[in-house]
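J.: Kindly return the folded structure for what I paste below:
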Amino acid sequence: MGWVFSLSYRMAGKLRPSVLRKRAQGLPIIGLSLAVAILIVVLSVVNGFEVAMRERVLALFPHAVIVNAVGAPLTEPQMLRISQTPGVVGVAPIAEISAVLVANGEHQAALVTAIDPIEEQKVNAVPDFMVSGHWSMLEAVPFGVVLSAHLAEKLGLITGGRVTIMLPVVEFSLIGMKTRSKRFTVVGTFDTDSDLDKSVVYIGRTAARALLSDRYLEGLRLKVNDLFDSQQILEQIYIANLDQPIRGSTWMSRHGNLYAAIGLQKSIMFVLLGLLIAVAAFNVTSQLVIFVEEHRADVAILKTLGATPGEIRSVFVAQGLGLGVLGTVIGLMIGYLGCDALQLVLNAASEAFGWAVLEQYFVQYLPIDRQATDFLIVSLMSLLMCVLASLYPAHRAAQMMITEGLNDGG
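T.: Below is the predicted model of the structure:
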């Protein structure tokens, strides 16, 4: 029986080049390659957004913020207990103030964040994104402000320029109502290519106290070891400060829904585009059905020589697997290169036409993260689909009557 299988294998080898010559550029291979490439590109982009959210955005925004629940400053014992909580790797004083920036006839709502420039560097990555001026000048200049290059451009400001910070506070005096405001000097700008650039500015604690006076309420910004343990760490801090109530919030309350949406989107896109691969893979079925019909006489000869249905079936399954390997490899190559091409096209379009395609997203650039596990999973899924698609025509060939094939051959 071994010589029969050998003859079957040699015949499959003889037929395979013929099929590849005729079909390699055909619709099944092209469709499978494009489906694999699209899935790779989409997964890489979604991975990129997830990484950007975790490693960039969440490195700029507080992991957690804690303030005294009774509207008073945190006490020294409270701050000490908070800083010693397991999982907390850094703390820094912080006060967040809603305000309006006014300069050169323009205005913009902003979240003014009062910080200690030295301590803030332990918990915030913004100093690494400075594009002009110096972060340390917040301490040297009595009323200095650091804002994003985006806000500076919108307000017509440069380093050394003057901007008025106006609080939504109305005070009554002998001359009538007035708002609380103060002019600040721009001592630096940053550019993080993230949502932070749209609204957050930084001033020193001393300037914030002068601006807010009795309304100034300072808390602590926390940097934790594991982002996903933020809520549990906050609960531990609550328990440790039962005698002096505090309240706080974590990044999950501010950006948790967005992060969860990215993960859900990845799962949904994987399923939907996986169906696209399934449709493309099952095009192999139609190709192999034609292949079976074209070689009915050859199948009959193999059976006459003693080939079993299982051996006949294996020839056509191998044929389907070969087509799947070809389409998958091409698709992986296109997908890998397509990620870079997509970035280049978007960057070129943005520069040439001034398009801000990602302006409304939490990052203003297209992040790409190609993960080997995605390539492996997509490859295995594609090959499995191709094997499944080849089972029907392989079974059909295995069940063919010898007389049918010989009559067709005659």
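
J.: Where does the residue nearest to Ile203 when sequence neighbours are not counted fall, secondary structure wise?
T.: Once flanking residues are discounted, Ile203 sits nearest to Val145: 5.1 Å by C-beta to C-beta, 6 or more residues apart in numbering. Using the backbone N, CA and C atoms, a C-beta is placed for each residue, glycine as well. Using DSSP states H and E, Val145 sits within strand 144-148.

J.: list the buried ones in that strand?
T.: For strand 144-148, burial by neighbour count (16 or more other C-beta atoms under 10 Å) applies to 144-148.

J.: And for stretch 201-211?
T.: 201-205, 207-208, 211.

J.: do the same with stretch 112-132
T.: For stretch 112-132, a neighbour-count test (16+ other C-beta under 10 Å) marks 112-117, 119-121, 123-127, 129-130, 132 as buried.

J.: got any ranges where the protein has weak pLDDT?
T.: Applying pLDDT under 70 to the chain picks out residues 1-26, 57, 71, 170-178, 241-244, 255-265, 294-295, 298, 353-364, 400-410.

J.: Nearest to the middle of it, which residue? Look it up for me.
T.: Phe49 (1.7 Å; C-alpha atoms, centre = their mean).

J.: Wait, that one touches Pro367, no?
T.: Yes. Assessed by C-beta atoms under 8 Å, Phe49 is found in contact with Pro367 at 5.7 Å.

J.: which residues does the residue nearest to Ile203 contact?
T.: Val145 makes contact with 138, 163, 165, 184-187, 201-203 under the criterion C-beta atoms under 8 Å, 6 or more residues apart in numbering.

J.: could you show me where the strands are in this structure, in order?
T.: Secondary structure of the chain (DSSP state E): strands at 64-68, 88-103, 106-115, 130-133, 144-148, 162-173, 176-190, 200-204, 219-224, 246-250.

J.: so what's the backbone phi/psi at Asp193?
T.: phi 60, psi 40 (degrees, to the nearest 10).

J.: Can you list the residue ranges for helices in the stretch 301-410 of the chain?
T.: Taking DSSP state H, counting those that start in this stretch, the helices of the stretch 301-410 of the chain run over residues 309-353, 372-398, 402-409.

J.: Would you format these as a markdown table with distance to Gln231 included?
T.: Listed next are those as a markdown table, based on distance: least, C-beta to C-beta, whole Å:
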| stretch | distance to Gln231 |
| --- | --- |
| helix 309-353 | 34 |
| helix 372-398 | 28 |
| helix 402-409 | 69 |
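
J.: Can you tell me which of those is nearest to Ile239?
T.: The minimum distance between Ile239 and the helices of the stretch 301-410 of the chain falls on helix 372-398, with 38.5 Å, by C-beta to C-beta.

J.: who does that closest one touch, helix- and strand-wise?
T.: Identification of packing neighbours for helix 372-398 by 3 or more C-beta pairs under 8 Å, 6 or more residues apart in numbering; DSSP states H and E yields helix 27-51, helix 257-281, helix 283-294, helix 309-353.

J.: okay, the angle between it and helix 283-294?
T.: Following axes from the mean of the first three to the mean of the last three C-alpha atoms, to 10 degrees, one obtains 30 degrees for the angle between helix 372-398 and helix 283-294.

J.: What angle do helix 27-51 and helix 372-398 make with each other?
T.: Going by the same axes, to 10 degrees, helix 372-398 makes 160 degrees with helix 27-51.

J.: between helix 372-398 and helix 309-353, how many degrees?
T.: 140 degrees.

J.: Work out the gap between helix 372-398 and the centre of the chain.
T.: In this view, helix 372-398 has its centroid 29 Å away from the chain centroid, taken as C-alpha atoms, centre = their mean, to the nearest Å.

J.: Over to stretch 156-170?
T.: Offset of stretch 156-170 from its chain centre (C-alpha atoms, centre = their mean): 34 Å.

J.: what does stretch 133-141 give?
T.: Stretch 133-141 has its C-alpha centroid displaced from the chain centroid by 33 Å (C-alpha atoms, centre = their mean).

J.: give the contact list for the closest residue to Gln232 other than its chain neighbours.
T.: Distances taken as C-beta to C-beta, 6+ apart put Gly87 closest to Gln232, at 7.8 Å, once the chain neighbours are dropped. Going by C-beta under 8 Å, 6+ apart, Gly87 touches 224-226, 229, 232-233, 236.

J.: Could you pull up phi and psi at Gly87?
T.: phi 100, psi -20.

J.: Also Gly156?
T.: Main-chain torsions, Gly156, degrees, to the nearest 10: phi 70, psi 40.

J.: So it versus Arg162, what's the distance?
T.: 11 Å (C-beta to C-beta, to the nearest Å).

J.: Find residues that contact each of these two.
T.: Common neighbours of Gly156 and Arg162 (C-beta under 8 Å, 6+ apart) are Ala103.

J.: No further queries at this time; thank you.
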